[in-house]
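> sequence below, structure please.
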Amino acid sequence: LVVQTPLSPCCLALLQMPFGLEMQDDGRLYGQSHPDPVSWPDSFLCRSIYRLFLEPVTTPCGHTFCKECLERCLDHRPSCPLCKQSLSEYLKVGKYNPTVLLEEIISTTFPSQLAERKRMHQAEMAELSNLTKNVPIFVCTMAFPGVPCPLHIFEPRYRLMIRRCQETGTKMFGMCIHEPGKRFADYGCMLEIQRVEFLADGRSLVSTVGQRRFRVLRRGHRDGYNTADIEYLEDEKVKGEEHQMSTLARGGNADVILPSTSACSLQGLSTRSQALLPGLLFKPLLYHSFSPPLSLPPLQASADGPAWCWWLISILPFDPSYQLRLFSTTSLKARLMPLKEILTALLESRDFGRRHSGLNPGGGV
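Just a heads-up that it's a prediction; the model follows:
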């Protein structure tokens, strides 16, 4: 067992005779690792969990913790767990530089124990990165494939959840709405983290976008937040007459899917929807935050159907329970028909036309 020199005075002070280490004539430090945790000095134990340090970091006040332990403590209060000194500025920076000297001493003195700690941590990360088993669930609002979903994270349990999603590299978690008696609904949408902005008090602003739909198979719990075993949903592929209907929807049949217009392609639907939105008083912030998808790939190109369909469902004044009904169906037709009905009602409403006569540059609504 070898530690390379030179060793600083503080390093030599840490490694005194109780550790069984000796400085040899050649300037190298030799010693034996201690398999018995009871014999470990306090300098090598995290005060939060009283286990060997893993990725030790030292706070401005001089106390050292495992990186993960410190982060979890700061989730609840922005102060040192030992001396209670404020760490607001330290938290705002969001960078936890490792204590290199302590890392080197531990890796040299306790290699087997450190290897076991790392093995346990890697096993936990592997379990957390599974996107079908024990998937973290954020219980908040409806989310849809391809639609942005900005979040304000302030609860300690969700701070931990977001951090774990980033550490595992998946940057994914599930979003479900609350459902009485079940903790959360049977269906939800996977969200991918795009960007995280940390605030001085530990809160964060998280930009996410919807990915795949899923159905909940089993509910669980982990460190305060909900988890679930899930299976992903996929729209049924339509054939025969139904396939012709979807083709007509793209090509311009005025009586099948969309209200009567001079240009009934989906591009026309998207354009008309944009013209209607400024006059709709619901969700004005959502309207200004992103634009509707204008590219029109084949209707069945995606397992979740066309993106414009989810965009419309997200901004039309549907109750969340009704949105969930449309969300959970694997029939594209079942989602398109309600959209046709509500858009027809909006387009043909005389009252709506009088109140918002300036919406359509061409004159009528």
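
> from what I can see Cys66 touches Cys46, true?
Yes: in terms of C-beta atoms under 8 Å, Cys66 counts as a neighbour of Cys46; the distance is 4.6 Å. C-betas here are computed from N, CA, C, even on glycine.

> looking at these two, which one has more neighbours?
The neighbour comparison of Cys66 against Cys46 (other C-beta atoms under 10 Å) goes to Cys66, with 22 against 18.

> can you pull out the helices in this protein?
With DSSP state H as the definition, the chain shows helices at residue ranges 9-14, 67-76, 88-93, 100-109, 111-128, 156-168, 240-251, 266-276, 284-289, 307-315, 320-328, 332-348, 350-355.

> in the fourth one, what counts as buried?
Right, the one you point to is helix 100-109. Buried residues in helix 100-109, defined by neighbour count with 16 or more other C-beta atoms under 10 Å: Leu102, Glu103, Ile105, Ile106, Thr108, Thr109.

> need those residues in TSV (columns: distance to Glu124).
Putting the buried residues of helix 100-109 into TSV (distance: C-beta to C-beta, whole Å) gives the following:
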residue	distance to Glu124
Leu102	22
Glu103	20
Ile105	25
Ile106	19
Thr108	25
Thr109	24
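
> just the closest of these to Met190, please.
Minimum distance to Met190 across these is 35.5 Å, recorded for Glu103 (C-beta to C-beta).

> which residue packs closest to the closest one, ignoring adjacent ones?
Of all residues not flanking Glu103 in the chain, Pro56 sits nearest, at 6.3 Å (C-beta to C-beta, 6 or more residues apart in numbering).

> so who does that neighbour touch?
Contacts for Pro56 were tallied using C-beta atoms under 8 Å, 6 or more residues apart in numbering; they are Cys46, Thr64, Phe65, Cys66, Lys67, Pro98, Thr99, Leu102, Glu103, Ile106.

> the first one and Val209: what is the separation?
Per C-beta to C-beta, to the nearest Å, Cys46 is found 37 Å from Val209.

> and the second one, by the same measure?
Thr64 is 38 Å from Val209, where distance means C-beta to C-beta.

> and if you look at the fourth one?
Taking C-beta to C-beta as the measure, Cys66 falls 32 Å from Val209.

> what residue ranges in this protein score low on pLDDT?
Counting by pLDDT under 70, the chain contains low-confidence ranges at 1-41, 238-301, 350-365.

> which segments of it make up each domain?
Structural domains annotated on the chain: 9-122, 129-232, 244-355, as defined by automatic domain parsing.

> highest mean neighbour count out of those domains?
When you average the neighbours per residue for each of these (mean count of other C-beta atoms under 10 Å), domain 129-232 leads with a mean of 18.

> first-to-last residue distance for that one?
16 Å (C-alpha to C-alpha, to the nearest Å).

> how about the nearest residue to Leu70, chain neighbours excluded?
With C-beta to C-beta, 6+ apart as the measure, Val57 is the residue that lies nearest to Leu70, at 6.0 Å, once sequence neighbours are left out.

> correct me, but that neighbour touches Pro98?
Yes: counting by C-beta under 8 Å, Val57 touches Pro98, with 6.1 Å between them.

> find residues that contact each of these two.
Counting by C-beta under 8 Å, 6+ apart, the shared contacts of Val57 and Pro98 are Lys67.

> which residues touch Asp201?
Applying C-beta under 8 Å, 6+ apart, we find Asp201 in contact with Pro78, Ser88, Leu91.

> and the residues you listed, which is closest to Gln122?
If you rank these by distance to Gln122 using C-beta to C-beta, Leu91 comes first, at 26.5 Å.

> quick one: contacts for the closest one?
Leu91 sits in contact with Leu74, Pro78, Phe198, Ala200, Asp201, Gly202, where contact means C-beta under 8 Å, 6+ apart.
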